[in-house]
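In: Requesting a structural model of the entry that follows:
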Amino acid sequence: MKTVSSLTLTAMLAMTGCASSGLNMNDAVQIASAVDASMPAATPGTTRATISGLLSMLGSTNTSSTQALGGTAALLGLAQSKLSTNEYAQLATAVPGLQQLTGSNAVTQLSALGLLNGQSASPTVLSKALSNTRTEAGVDQAFSTLGMDTGMVEVFSPLLLQYFGNQGVSGGVLQSLSSAWGTEG
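Out: Numbers count the residues shown, from 1 in each chain. Below you'll find the predicted structure:
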């Protein structure tokens, strides 16, 4: 797995429309520094690369980094409950570090990255919302807790499917994800 440096992450975020997504260049630099500082030395590049890739992919959604990662966590929580154990394992293998961003695990990552400061939802409320994403209603609640309209699920889903496809997730798993999220495709 290739390690993504702070400079590379900052450049990726800048090129993917940080300014229009609620992220500015200062935010990108801070996130890149936090990602570098928060990732254990034993797992260089795994969660860091996944976070940078997801932020890059979701840069066009006019969401904050907290909303982007939190929305991803909510959808991954639903995917984990809807996909077979084998399918979810294939997804997690193809996208290293994904388990750190699934459901309430994301609250730990968001806290470590300093992305919960100033959020209207406390880490406890957010953790509760993200731990209850086994149903579509739970995902909707998580999106609402993050300050997003539930219609954003329809925006996130195809982007995540595209990102996962680019990471080598098999067509069968992508189809199962599409079904779990109610995405046309």
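In: hey, let's count contacts and neighbours off CA atoms from now on
Out: Fine.
In: ok, S84 to A180 distance?
Out: S84 sits 11 Å away from A180, going by CA to CA, to the nearest Å.
In: Have a look at these two and say which one is more surrounded.
Out: Between S84 and A180, counted using other CA atoms under 10 Å, A180 has the larger neighbour count: 20 against 13.
In: what is in contact with S84 and A180 at once?
Out: The contact sets of S84 and A180 do not overlap (CA atoms under 8 Å, 6 or more residues apart in numbering).
In: Tally up the residues packed near R48, please.
Out: By other CA under 10 Å, 25 other residues sit near R48.
In: Work out for me the element S144 sits within.
Out: Taking DSSP states H and E as the definition, one finds S144 inside helix 136-145.
In: Pull out the buried positions in that helix.
Out: Judged by neighbour count (16 or more other CA atoms under 10 Å), helix 136-145 contains these buried residues: 136, 138-145.
In: what's the closest of those to G172?
Out: In terms of CA to CA, no member of the buried residues of helix 136-145 lies closer to G172 than E136, at 21.1 Å.
In: contacting residues around the closest one?
Out: Shown in contact with E136 (CA under 8 Å, 6+ apart): 78, 181.
In: My guess is Q99 contacts N105. True?
Out: Yes - Q99 sits in contact with N105 when judged by CA atoms under 8 Å, with a separation of 7.4 Å.
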